[in-house]
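Student: Need coordinates for the below:
(2 chains)
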Amino acid sequence: QKEVEQDPGPLSVPEGAIVSLNCTYSNSAFQYFMWYRQYSRKGPELLMYTYSSGNKEDGRFTAQVDKSSKYISLFIRDSQPSDSATYLCAMSGAAGNKLTFGGGTRVLVKP
Amino acid sequence: GAVVSQHPSWVICKSGTSVKIECRSLDFQATTMFWYRQFPKQSLMLMATSNEGSKATYEQGVEKDKFLINHASLTLSTLTVTSAHPEDSSFYICSARQEQNEKLFFGSGTQLSVL
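Tutor: Here you go, the predicted model:
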């Protein structure tokens, strides 16, 4: 079993819909959680960063962390075709540790 | 967000030659940088952790003599693929950690094609 599980998709939604992404993990020591967006043949771009549990909102993006369930989510409201990309979750434990990535979910937003 | 610059963005080389890829943190200092390799439609595979002023830490199965890493300053790490072969063709991505918050910022990646 992988340390971080993420559905590979593809997840296809119509423009304007809410995109819902999630990751589950097994290591209870994880406390730093991040979501990245990666376009084809580009480096990942940091979208959301959360320390410990809770919700965080930034524009159309909302990140949620539920440490009791070992489950994190990313919601994209009013999705646009430009949101079509692969979304990667990542997490780490103590400061200085390397990040553990999910496998990524490919998202397609159709006009 | 912080900016990490990676060069070149693509390189084509002959088999047996060496290729150097640079990774710079432009607006913050990074004691730690990471080098990844990514195959098509797959996630990032960590190759090594680059520590300023000390030897890099390589992941299991990554040849340290093949992939030379130098992190001579707080803003620059380099990856040299030595005696490249076609099987080394891949997308290489660097990242730098912002230490005050553990955020990791990525370069734009380098597509290496070895003929």
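
Student: Contact partners for residue 93?
Tutor: No chain was given, so I picked chain A. A:Gly93 makes contact with A:27, A:29-32, according to CB atoms under 8 Å, 6 or more residues apart in numbering or on different chains. All C-beta atoms are positioned from the backbone trio N, CA, C, and that covers glycine.

Student: right idea, wrong chain: chain B
Tutor: Per CB under 8 Å, 6+ apart, neighbours of B:Ile93: A:43-44, B:6, B:35-38, B:44, B:106-107, B:109-110.

Student: Give the bridge partners for it, please.
Tutor: Beta-bridge partners recorded for B:Ile93 (DSSP bridges): B:Tyr36.

Student: Once you drop chain neighbours, what's closest to the residue of chain A found nearest chain B?
Tutor: Minimum separation of chain A from chain B (CB to the nearest CB) falls at A:Gly43, amounting to 3.8 Å. Setting aside the residues directly before and after it, A:Gly43 is nearest to B:Phe106 in space (CB to CB, 6 or more residues apart in numbering or on different chains), at 3.8 Å.

Student: What is the neighbour count of the one you found?
Tutor: For B:Phe106, the tally of surrounding residues (other CB atoms under 10 Å in any protein chain shown) stands at 22.

Student: For it, give its distance to B:Phe91.
Tutor: 12 Å (CB to CB, to the nearest Å).

Student: Counting neighbours, what do you get for residue 22?
Tutor: You didn't say which chain, so I picked chain A. 17.

Student: That was the other one, I meant chain B.
Tutor: A count of neighbours around B:Glu22, defined by other CB under 10 Å, yields 16.

Student: Equivalent analysis for the one 4 residues further on, please.
Tutor: Other residues near B:Leu26 come to 11 when the count uses other CB under 10 Å.

Student: wait, doesn't it sit right on B:Val4?
Tutor: Yes - with contact defined as CB atoms under 8 Å, B:Leu26 reaches B:Val4; the gap is 7.0 Å.

Student: Flag every residue of chain A that's near chain B.
Tutor: Residues of chain A lying near chain B by CB under 8 Å from any CB of the partner chain: A:32, A:34, A:36, A:41-46, A:49, A:51, A:88, A:90, A:92, A:95-96, A:98-99, A:101-104.

Student: other SSEs contacting the host helix or strand of B:Leu79?
Tutor: Here B:Leu79, judged by DSSP states H and E, is contained in strand B:76-81. With contacts defined as 3 or more CB pairs under 8 Å, 6 or more residues apart in numbering or on different chains; DSSP states H and E, strand B:76-81 has these neighbours: strand B:19-25, strand B:32-38, strand B:67-73, strand B:90-98.

Student: The second one - what's its average pLDDT?
Tutor: Averaged across strand B:32-38, the pLDDT comes to 94.

Student: helices or strands next to it in the packing?
Tutor: strand B:19-25, strand B:45-51, strand B:67-73, strand B:76-81, strand B:90-98.
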